[in-house]
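K.L.:
Show me the folded form of this:
(2 chains)
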Protein chains: 2
Amino acid sequence: MSVTQAKGFRAAGVASGIKESGAKDLAVIINDGPDQQAAGVFTSNKVKAAPVKWSLEALKSSGYQADAVVLNSGGANACTGKIGDQDVSDTAQRAAELLDTVADRIQVCSTGLIGERLKIRELVDGLDVALDSASVAGGDDAAEAIMTTDTRSKTAVATTTTGYHIGGMAKGAGMIAPGMATMLAVITTDAQLEAGQLQSMLQQAVALSFNRADSDGCMSTNDTVLLLANSASGVRPDPAEFQAGLNEVCALLARQIIADAEGAQHDIAVTVVNSSTEAEAETIARAVTRSNLFKTAIYGQDPNWGRVISAVGTVDGDYDPDQIDVTINGVQVCRAGGMGEDRSLVDLSPREARVIIDLHAGEHTATIWTNDLTYDYVAVNAEYSS
Amino acid sequence: MSVTQAKGFRAAGVASGIKESGAKDLAVIINDGPDQQAAGVFTSNKVKAAPVKWSLEALKSSGYQADAVVLNSGGANACTGKIGDQDVSDTAQRAAELLDTVADRIQVCSTGLIGERLKIRELVDGLDVALDSASVAGGDDAAEAIMTTDTRSKTAVATTTTGYHIGGMAKGAGMIAPGMATMLAVITTDAQLEAGQLQSMLQQAVALSFNRADSDGCMSTNDTVLLLANSASGVRPDPAEFQAGLNEVCALLARQIIADAEGAQHDIAVTVVNSSTEAEAETIARAVTRSNLFKTAIYGQDPNWGRVISAVGTVDGDYDPDQIDVTINGVQVCRAGGMGEDRSLVDLSPREARVIIDLHAGEHTATIWTNDLTYDYVAVNAEYSS
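P.N.:
Residues are numbered from 1 along each chain as shown, chains lettered A, B, ... in the order given. Coordinates of the predicted model:
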């Protein structure tokens, strides 16, 4: 159900012909109200795709309102110049016309190859079909239509019990990075919340979920996370409970993105504990998840803690290298910066690997999720233009 | 000849039994004077190997003097605790005894697996043999003895014509990174220069060479570059000429390290031109060379400029994304931030690839050398504990 779990949302996913394979490539989500509050978090990449520039502007000029989201795979519409801007504008205009609204209440997201013009004719024609067929049953089709190198569609719902719902969908498998993955995500709720509140809640949820999933350190031009709220449940939620539910949906989607990372054979949680600040814990965990040497070692099922500690040491932080403990899948292979338990005791055959780095320097903690670097990562990215 | 190209230096490389393979694993370089001026640049990693800590301290306490350098492969002596410190001290003491000098005039370098104790008995026994057999003919053996995953030994000499010589050797193939590669390098000269001058000249040469070779973004615990000067030529060089010669030797060694990078099939020069500052040019070039997506694309001979420009955009610099041109092997595939010449015109079959990013934002330039990310990089690093 994903984005149609909450009342008052309809969705569709169709094959419009953008993808030559004939797979689904165009998704729409329609918010039937009564409210159309919206929030968005976008790539921090200075090179922003045309739909990102459009959606940022549209949120502002509409006063953070969105009646619908149009998403396509099969083309990023990034680095496409003035024609790319025109294409996204035409898309939004056409959707607005069909929904009897104005273009700046239409959010647009694209994903695929950078630097090639979108098949705009197919997209616009497909829009008619998609908007016409949108239904409460269409959530799963929408999630499927935004896939690129993803092998599975990604949806999640929060376990709220007080009369409102939060559900979402996402795509992303590579280029998963700092300040956000190459990913699109749309989250919907029928709770009653104002746009300003939604925006700060979304930023917090993204910071703790998508921004802590770091597959290959590469940041996209198209990253977008949208949150739509329509008050259809009539419930004004407790903010803390809603935040927890939103965090849960974002974390579930981020976790699915890591689990489907290109070529990955391990999902790896790198947790820094007992750091002097949470920011430093996050920086150090990220340094480890960015190390290709660490990522290839995990692929090779080699509990090579030297590669962990040498990555930690690239961060000139508030800790003593001679105090660091490193535990890999339960075995403390490094103790006080030196040799600990026998590394041959570590079992790295399970899909999930957990690395805990204890700095003994404070009481803060952070976890970054990543995946291993495999032959298949090279294969996917050497052979697929994305 | 490498480190014995300059007058008054002897070297040896022997198999001491540290490496189980029986390959050469211990090198010595002896400076017969008359002077023994020395300079060193070491890893900026907060986790420093025992020999790095030793050599830093020894340079300071000796007033930047070194009679000899002892280098071993087959073990990094990093994260080895107090016993590691004792091992490097014992090594220096033994070398000093045999050379009739004091331990703080002995520099020590190690490379190999982190977190395991050195085979100190083999090393100390081997020292007797190595120091005894050191000769002017031993430069190539020394270069061979410091290899780890290197497939070729690396030596270089400068083309000075005014009566003095500069020559050097290096090792390094993976973990080639920011603020220096996992590499050891020793450069010798028979020119007459003071230690203070040597240190600033070495820092400048390293900044422009080893620090601009970025194979996999990983920084080692053991990186060391030493420069020894003995005045044996009797020539006091023109500083600018000497600096140029030193830059040349460092650049030649750095280039050899990139050319021998683990599993690489392409050597890639990423050059940023017309930047507002040299620092920004370097930061942007480094962001591109750090992108696994870019590196796999080059491996796949895919001139995927979208991956170049999305890496550029991760740097929030003083440029306009809509002005950027990207040229790959002579073809301007991206013009003014959008589509340029047909990407199918790009020939990425040669070993050397050149990417030029024109920011149109100033007049500064910088080049970072890197290599592609291949199946063999994964193989070497998933299967070899280093």
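
K.L.:
In chain A, which helix is the longest?
P.N.:
helix A:239-259 (DSSP state H).

K.L.:
quick one: that one to chain centroid distance?
P.N.:
Using Cα atoms, centre = their mean, to the nearest Å, the distance from the centre of helix A:239-259 to the centre of the chain it belongs to is 10 Å.

K.L.:
What mean pLDDT does that helix get?
P.N.:
Average pLDDT, helix A:239-259: 86.

K.L.:
residues of that helix that come out buried?
P.N.:
The neighbour-count check on helix A:239-259 (16 or more other Cβ atoms under 10 Å in any protein chain shown) flags A:242-243, A:245-259 as buried. Backbone N, C-alpha and C define where each C-beta goes, glycine included.

K.L.:
Same question for stretch A:328-348.
P.N.:
Under 16+ other Cβ under 10 Å, the buried positions of stretch A:328-348 are A:328-329, A:331-335, A:337-341, A:343, A:346, A:348.

K.L.:
likewise stretch A:306-321?
P.N.:
So stretch A:306-321, judged by 16+ other Cβ under 10 Å, has buried residues A:306-315, A:317, A:319, A:321.

K.L.:
Which residues of the stretch 1-150 of chain A lie near chain B?
P.N.:
Taking Cβ under 8 Å from any Cβ of the partner chain as the contact definition, the stretch 1-150 of chain A meets chain B at A:44-48, A:76, A:78-81, A:84, A:113-117.

K.L.:
about what we covered before: sort out which one of the buried residues of stretch A:328-348 lies nearest chain B for me.
P.N.:
Nearest to chain B among the buried residues of stretch A:328-348, counting by Cβ to the nearest Cβ, is A:Gly338 at 3.6 Å.

K.L.:
got a list of what that closest one touches?
P.N.:
A:Asp322, B:Cys79, B:Thr80, B:Gly81, B:Gly84, B:Gly115 (Cβ atoms under 8 Å, 6 or more residues apart in numbering or on different chains).

K.L.:
Next up, the contacts around the third one.
P.N.:
Right, the one you point to is B:Thr80. So B:Thr80 contacts A:Gly338, A:Met339, B:Ala50, B:Asp87, B:Gly115, B:Glu116, B:Arg117, B:Leu118 (Cβ under 8 Å, 6+ apart).

K.L.:
Now a PyMOL select for only the buried ones of the contacts of A:Gly338.
P.N.:
The PyMOL command for the buried members of those (criterion: 16+ other Cβ under 10 Å) is given here:
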select buried, chain B and resi 79+80+81+84+115
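
K.L.:
what about the residue in the stretch 51-200 of chain A that chain B sits nearest to, how many neighbours?
P.N.:
Nearest residue of the stretch 51-200 of chain A to chain B: A:Ile114, at 2.6 Å (Cβ to the nearest Cβ). A:Ile114 has 25 neighbouring residues, counting by other Cβ atoms under 10 Å in any protein chain shown.

K.L.:
With the one 3 residues further on instead?
P.N.:
Around A:Arg117 sit 14 other residues, with neighbours defined as other Cβ under 10 Å.

K.L.:
so it, which of the three states?
P.N.:
coil (DSSP: H, G, I helix; E, B strand; the rest coil).

K.L.:
quick one: contacts for it?
P.N.:
Counted by Cβ under 8 Å, 6+ apart, A:Arg117 has contacts A:Gly75, A:Asn77, A:Thr80, A:Ile83, A:Gly84, A:Asp87, B:Met339.

K.L.:
and if you look at A:Ala336?
P.N.:
A:Asp322, A:Gln323, A:Ile324, A:Asp325, B:Gly81.

K.L.:
What strand or helix carries whichever residue of the stretch 201-350 of chain A sits closest to chain B?
P.N.:
Proximity of the stretch 201-350 of chain A to chain B (Cβ to the nearest Cβ) peaks at A:Gly306, 2.6 Å away. In this structure, A:Gly306 sits in helix A:305-312 according to DSSP states H and E.

K.L.:
neighbouring contacts of that helix?
P.N.:
By Cβ under 8 Å, 6+ apart, the list of residues contacting helix A:305-312 from outside reads A:284, A:287-288, A:290-291, A:293-294, A:297, A:321, A:324, A:326, A:328, A:333-334, A:337, A:340, A:343, A:355, A:357, B:45-47, B:76, B:78-79, B:113-115, B:175, B:218-221.
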